[in-house]
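Asker: Just to be clear, the model below is a prediction. Sequence and coordinates:
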Amino acid sequence: DTGVSQNPRHKITKRGQNVTFRCDPISEHNRLYWYRQTLGQGPEFLTYFQNEAQLEKSRLLSDRFSAERPKGSFSTLEIQRTEQGDSAMYLCASSQLAGALTGELFFGEGSRLTVL
Amino acid sequence: TQLLEQSPQFLSIQEGENLTVYCNSSSVFSSLQWYRQEPGEGPVLLVTVVTGGEVKKLKRLTFQFGDARKDSSLHITAAQPGDTGLYLCAGVFGGQNFVFGPGTRLSVLP
């Protein structure tokens, strides 16, 4: 399977614990995005990378959230000191920047976080 | 902050009916995309529109981009149960960040 892969698919944690999600994008894609989606809502932008550079980060993203893409391939999203309000589906998407205005976002199946 | 609105929020129709859903913003899009998302899966791209006034057809789906590039519509003809899902519009504003609307949840009953 050469699609976007995310793991774990499900994570249940207690409030105050740290969690980390991993995303493996499509190999030739140089852009990687993280979104958060709650039930009944559209995906909410968190951050994106072009290669290893983090180009934009949502103002809604608290300092408890950090994302990395150290070698321009896979990415990790860490949430420190989780809160119940962090419970959501965390979606990763990748795209190929080719000089055009837009590219298609290819999404993974998401990592569902439940904070008790 | 660029915001997209979608209407209606929910839509439940019978198989064979036609429907239209809308996506609006006060800002001008560089381009706009429509995605469909099914439960437990990530969104999947349906179409990209770039030019104001553009109309694209994908089988029973017709997508229109407003002349001012601030709004878009998706029309489905003769809806089928397989069309059930969450329809999301995503706007690109100048840069390369995709901003999603809240979605329209469509249910097509057999």
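Answerer: Arrived safely.
Asker: tell me the contacts of the closest residue to chain B within chain A?
Answerer: Minimum separation of chain A from chain B (CB to the nearest CB) falls at A:Phe107, amounting to 2.7 Å. All C-beta atoms are positioned from the backbone trio N, CA, C, and that covers glycine. Contacts were defined as CB atoms under 8 Å, 6 or more residues apart in numbering or on different chains; by that measure A:Phe107 touches A:4, A:91-93, B:41-44.
Asker: can you check B:Ala79 too?
Answerer: Here B:Ala79 is in contact with B:13, B:15-19, B:60, B:106, B:108 (CB under 8 Å, 6+ apart).
Asker: Could you give the bridge partners of the residue nearest to A:Leu105 when sequence neighbours are not counted?
Answerer: Closest residue to A:Leu105 in three dimensions, ignoring its sequence neighbours and counting by CB to CB, 6 or more residues apart in numbering or on different chains: A:Ala93, at 4.2 Å. Assessed by DSSP bridges, A:Ala93 has beta-bridge partners A:Tyr33, A:Phe107.
Asker: pretty sure A:Ala93 is touching A:Ile26, no?
Answerer: No: A:Ala93 lies out of contact with A:Ile26 (CB atoms under 8 Å); the separation is 9.8 Å.
Asker: Name the residues contacting each of these two.
Answerer: With CB under 8 Å, 6+ apart, A:Ala93 and A:Ile26 have common neighbours A:4, A:106.
Asker: Show me which of the two is the more surrounded one.
Answerer: Taking other CB atoms under 10 Å in any protein chain shown, A:Ala93 and A:Ile26 do not tie; A:Ala93 has more neighbours (25 against 16).
Asker: C-alpha coordinates for the helix or strand bottoming out on mean pLDDT in chain A, PDB please?
Answerer: Every helix and strand of chain A was ranked by mean pLDDT, DSSP states H and E. The lowest is strand A:53-57, at a mean of 90. C-alpha atoms of strand A:53-57 as PDB (Å, rounded to 0.1, in the frame of the first residue of the first chain):
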ATOM      1  CA  ALA A  53      10.600  23.000   7.000                       C
ATOM      2  CA  GLN A  54       7.400  23.800   9.000                       C
ATOM      3  CA  LEU A  55       6.000  26.600   7.000                       C
ATOM      4  CA  GLU A  56       2.800  27.400   8.800                       C
ATOM      5  CA  LYS A  57       1.300  26.700  12.200                       C
END
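Asker: Identify the residue nearest the residue most central in space within chain A in space, chain neighbours excluded?
Answerer: Nearest residue to the geometric centre of chain A (CA atoms, centre = their mean): A:Trp34, 2.9 Å. Once flanking residues are discounted, A:Trp34 sits nearest to A:Leu46: 4.3 Å by CB to CB, 6+ apart.
Asker: Would you agree the one you found is in contact with A:Leu61?
Answerer: Yes: checked against CB under 8 Å, the pair A:Leu46 and A:Leu61 is within contact range at 5.5 Å.
Asker: These two: which has the busier surroundings?
Answerer: Shown here are A:Leu46 and A:Leu61; by other CB under 10 Å, A:Leu46 has more neighbours (20 against 16).
Asker: burial of the residue nearest to A:Ile79 when sequence neighbours are not counted, as a residue count?
Answerer: Among residues not flanking A:Ile79 along the chain, A:Val19 sits closest, at 5.2 Å (CB to CB, 6+ apart). Neighbours of A:Val19 under the rule other CB under 10 Å: 18.
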